[in-house]
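Engineer: what would the 3D arrangement of this be:
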Amino acid sequence: MAKANSVTLIQSTLTLEGGAIEFDGEATAILTDSACLAHQP
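Structural biologist: Coordinates of the predicted model:
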């Protein structure tokens, strides 16, 4: 998908629960504080 849209792909080992990040397709993201910003050991 990244190649087809000429964007850089950044790989990560980050794992999030389903629904932790929502996008509207117009560069807006909604993130849940507890799932994305809290320290996960």
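Engineer: what about the helices in the chain?
Structural biologist: Secondary structure of the chain by DSSP state H: the helices cover 33-36.
Engineer: residues in contact with the helix or strand of the chain with the lowest mean pLDDT?
Structural biologist: Within the chain, confidence by mean pLDDT, DSSP states H and E is lowest for helix 33-36 among all helices and strands, at a mean of 73. Helix 33-36 has contacts (CB atoms under 8 Å, 6 or more residues apart in numbering) with L16, E17, A20, I21. Yep, even glycine has a C-beta here, placed from its N, CA and C like the rest.
Engineer: as JSON lines, those residues with distance to I30, pLDDT and neighbour count would be great.
Structural biologist: Shown next, in JSON lines, are the contacts of helix 33-36 (distance: CB to CB, whole Å; pLDDT from 0 to 100; neighbours: other CB atoms under 10 Å):
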{"residue": "L16", "distance to I30": "13", "pLDDT": "75", "neighbour count": "12"}
{"residue": "E17", "distance to I30": "14", "pLDDT": "75", "neighbour count": "10"}
{"residue": "A20", "distance to I30": "10", "pLDDT": "79", "neighbour count": "14"}
{"residue": "I21", "distance to I30": "7", "pLDDT": "83", "neighbour count": "13"}
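Engineer: hey, C-alpha coordinates of the least confident helix or strand of the chain in PDB?
Structural biologist: C-alpha atoms of helix 33-36 as PDB (Å, rounded to 0.1, in the frame of the first residue of the first chain):
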ATOM      1  CA  ASP A  33      -4.400   7.800  26.200                       C
ATOM      2  CA  SER A  34      -4.400   4.500  28.100                       C
ATOM      3  CA  ALA A  35      -3.500   2.400  25.100                       C
ATOM      4  CA  CYS A  36      -0.900   4.600  23.400                       C
END
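Engineer: quick one: distance of it to the chain centre.
Structural biologist: 12 Å (CA atoms, centre = their mean, to the nearest Å).
Engineer: ok, and for it, which residues are buried?
Structural biologist: Under the neighbour-count criterion of 16 or more other CB atoms under 10 Å, helix 33-36 has nothing buried.
Engineer: which one is the residue positioned nearest the centre of the chain nearest to, not counting chain neighbours?
Structural biologist: Geometric centre of the chain, nearest residue: I21, 5.6 Å, by CA atoms, centre = their mean. Distances taken as CB to CB, 6 or more residues apart in numbering put L31 closest to I21, at 5.4 Å, once the chain neighbours are dropped.
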